[in-house]
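requesting a structural model of the entry that follows:
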Amino acid sequence: MRLECFVQRILSAISYAFSSAITMNPIRLLALLILPAATVFSQIATTPLFWPDKQGPTCNGVVPDSDKMPLEWDEKSNQGIAWKTPLEDEGHSTPVIGGDLIWFTAATKDGKKNFVYCVNRQDGKILQHKLLFENEAPEELGNPMNNYAAPSCVLEGDAVFVTFGTYGTARLDPKTAAVVWQRRDINVRHFRGPGSSPVVFENLLILTFDGIDKQFTIALDKQTGKEVWQTPRSTDYHDLEHGKPIREGDMRKAFGTPALIKVGNDTQLVSVGSRAAYGYDARTGKEIWRVTHGGFNAAVRPLVNGDTVFMNTGYPGGELMALKINAATLGDVTAKVLWNRTKYNADFASAVLVNDHIFQTTAAGVGVCVKLADGTHAWSERIFTGAGKVIASAIATKDRVYFFNEGGAATVIAAAPEFRVLARNKLDSGMTASPAAADGALYLRTKTHLYKIVK
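Next comes the predicted model:
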């Protein structure tokens, strides 16, 4: 609310109160003076960030206030579908939600144009479909699974941070979608397309660039876009043949989004790259520890549970390992890994951690419930039988886990060590973008539409 409106309402209340003060109860008089101010302040409070990160407010895919979440929906009967909005172009990026606004990116199939969408959460109307960047000669993907709008946005109350990897990063004003700053000079050869999403920490916007030519993590001042620190990957990729990387350096790339973990009074950035996972000081970028592994193409986000992180090493043949982190976790700590699952782990879709178990699924649709204590599985069952890989990440409530595949199927299971299917649902078009949630509703971005699903 504008300041003059605030002042006018307060003065009107005071004038009315004093004109009636002779006959008015003193308590009522006080309330009349206080309530207008309280109402105004409630209206100018911070916009609620329902789903500010690709995996929600706690960056782990778990939905707060989850009792309202829908269980069943159906396209043919229109059951549970509040609205359905057609979309143009492509994108794996997950919708992020602040207040009544939904934000996500898209790109043309050839990568020459990068867009940002803004959609009204209440009615599905497109408010913005803004062209942000144009690319004269984008690098060919070399991989039909990816596209040029895979990284997701991240929100704060006064900012929308958007990245397309090497093709550009920008801060937008959420009220107008105006560009506050942009960077187009942070470049790598993605080779298979960009994939890593940004992370906001204090005054920093942290970006991950694991290309075939260069591999580093960089932090920008979120107010100005200027570089604060940059840290190169320090591992040996063991991929040289006659002095040159084999497959053009394909085994050096990764698509991972980092996680944050509190260690004493400090915060560490847990980042999984090709051939190694790292712990960095989030404020300075200094490398603190490293775990070497044999994987590449890392795309599954680490999960944090207290002082322990769970890291997936990447497709193909990804391993899932647990590492306890404290002040003594320094240098090469590969030998300190608590446990390491070498089979039946997620390939592309990030897992969720609920009720002391990790719930994940392979690209082929085999679901696995993993015990935190030792990494063994409580169950392993086929969740999807139809066509389509599982690329979209899971989402969970306190008692359910939702899985989606690119064939349009969605399976809801009990978040329990006993396998139990609660519902099977279907949309006309499949999902590669991960789901989002806000105020009891699911927001699903398929290859053709954005849906709002309600109870």
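
who does Lys426 bridge with?
Asp74, Ala409 (DSSP bridges).

residue contacts, it?
By Cβ atoms under 8 Å, 6 or more residues apart in numbering, Lys426 lies in contact with 74-75, 408-410. Yep, even glycine has a C-beta here, placed from its N, CA and C like the rest.

ok, now how distant is it from Gly375?
33 Å (Cβ to Cβ, to the nearest Å).

and for Glu139?
38 Å.

before we move on, back to that, out of the contacts of Lys426, which are buried?
Using 16 or more other Cβ atoms under 10 Å as the burial test, these include 75, 408-410 as buried.

looking at those, which is nearest Gln230?
Ala410 (39.9 Å; Cβ to Cβ).

which residue comes closest to the closest one once chain neighbours are left out?
Asn425 (4.3 Å; Cβ to Cβ, 6 or more residues apart in numbering).

ok so, going back, tabulate the contacts of Lys426 in CSV, adding columns for distance to Lys54 and pLDDT.
Formatted as CSV, the contacts of Lys426 follow (distance: Cβ to Cβ, whole Å; pLDDT from 0 to 100):
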residue, distance to Lys54, pLDDT
Asp74, 27, 92
Glu75, 25, 92
Gly408, 21, 93
Ala409, 21, 95
Ala410, 18, 97
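
which single one of the residues you listed is nearest to Ser196?
Using Cβ to Cβ, those come closest to Ser196 at Ala410, 25.7 Å.

so that closest one versus Ala177, what's the distance?
Distance from Ala410 to Ala177, by Cβ to Cβ: 31 Å.

and Phe404, by the same measure?
28 Å.

looking at these two, which one has more neighbours?
Phe404 (30 against 19; other Cβ atoms under 10 Å).

which pLDDT value belongs to the more buried one?
The confidence metric pLDDT takes the value 97 at Phe404.

now do Phe41
35.

bridged to Trp339, which residues?
Beta-bridge partners of Trp339, as defined by DSSP bridges: Ala322.

ok, Val96 next?
Residues in beta-bridge contact with Val96 (DSSP bridges): Trp103.

my guess is it contacts Glu156. True?
No: Val96 sits out of contact with Glu156 when judged by Cβ atoms under 8 Å, with a separation of 10.5 Å.

now do the helices in the chain.
Remark: helices assigned in the chain by DSSP state H are 3-19, 26-43.

least reliable of those helices going by mean pLDDT?
helix 3-19 (a mean of 35).

quick check: closest non-adjacent residue to Thr163.
Spatial nearest neighbour of Thr163, chain neighbours left out: Thr169 (4.2 Å); criterion: Cβ to Cβ, 6+ apart.

how about that neighbour, what does it touch?
161-163, 182-184, 186, 198, 205, 207, 220, 225 are the contacts of Thr169 under Cβ under 8 Å, 6+ apart.

I'd like to know how far it sits from Met321.
Distance of Thr169 to Met321, given as Cβ to Cβ: 30 Å.

more neighbours: which of Val96 and Glu156?
Between Val96 and Glu156, Val96 has the larger neighbour count (other Cβ under 10 Å), namely 28 against 17.

Thr397: which of the buried ones among the contacts of Lys426 is nearest?
Using Cβ to Cβ, these come closest to Thr397 at Ala410, 14.1 Å.

surely the closest one is in contact with Gly430?
No: contact between Ala410 and Gly430 fails when scored by Cβ under 8 Å: they sit 9.9 Å apart.

common neighbours of those two, please.
Phe404.

low-confidence stretches in this structure?
Residues of the chain meeting the criterion pLDDT under 70: 1-45.

spatially central residue in it, please.
Centroid-nearest residue in the chain: Lys54, 1.5 Å away (criterion: Cα atoms, centre = their mean).

which of the buried ones among the contacts of Lys426 sits closest to His357?
Taking Cβ to Cβ as the measure, His357 lies nearest Ala410 of the buried ones among the contacts of Lys426, at 20.3 Å.

which residues does Arg183 bridge with?
With DSSP bridges as the rule, Arg183 is bridged to Thr169.

so how far is Ile218 from it?
Taking Cβ to Cβ, one finds Arg183 at 9 Å from Ile218.

cool, and Asp307?
27 Å.

these two: who's more crowded?
The neighbour comparison of Asp307 against Ile218 (other Cβ under 10 Å) goes to Ile218, with 20 against 13.

I'd assumed Phe209 was in contact with that one.
Yes: proximity of Ile218 to Phe209 meets the contact threshold set by Cβ under 8 Å, at 6.8 Å.

might you report the residue contacts of the nearest residue to Thr208 once chain neighbours are set aside?
Spatially, and ignoring its direct neighbours in sequence, Thr208 is nearest to Ser196 (3.9 Å; Cβ to Cβ, 6+ apart). Ser196 makes contact with 151, 165, 207-210, 254-257, according to Cβ under 8 Å, 6+ apart.

strands - which of these land there?
207-210 (DSSP state E).

tell me which two in the residues you listed are the farthest apart.
Using Cβ to Cβ, the two most remote members of these are Leu207 and Asp210, lying 10.7 Å apart.

what about these two, which has more around it?
With neighbours defined as other Cβ under 10 Å, Leu207 and Asp210 compare such that Asp210 has more, 27 against 24.

quick one: the nearest residue to the more buried one once chain neighbours are set aside from Ser271, how far?
Of all residues not flanking Asp210 in the chain, Ala254 sits nearest, at 3.8 Å (Cβ to Cβ, 6+ apart). For Ala254, the distance to Ser271 equals 9 Å [Cβ to Cβ].

repeat that for Leu450.
Taking Cβ to Cβ, one finds Leu450 at 30 Å from Ser271.

repeat for Leu372
Leu372 is 21 Å from Ser271, by Cβ to Cβ.

from what I see, Pro302 and Leu269 are in contact.
No: under the criterion of Cβ under 8 Å, Pro302 is not in contact with Leu269, lying 9.8 Å apart.

identify the contacts common to those two.
258-259.

ignoring the adjacent residues along the chain, who's closest to Ala363?
Asp347 (3.9 Å).

residues near Thr47, how many?
16.

quick one, what contacts the residue lying closest to it once chain neighbours are set aside?
Leaving aside its sequence neighbours, Thr47 sits nearest to Gly99 (Cβ to Cβ, 6+ apart; 4.0 Å). Gly99 makes contact with 47-48, 50, 121, according to Cβ under 8 Å, 6+ apart.

separate out the buried members of those residues.
47, 50, 121.

what pairs with the closest residue in space to the second one that isn't next to it in sequence across the strands?
By that I understand Phe50. Nearest non-adjacent residue to Phe50, counting by Cβ to Cβ, 6+ apart: Ala438, 3.5 Å away. Taking DSSP bridges as the rule, Ala438 bridges to Ala441.
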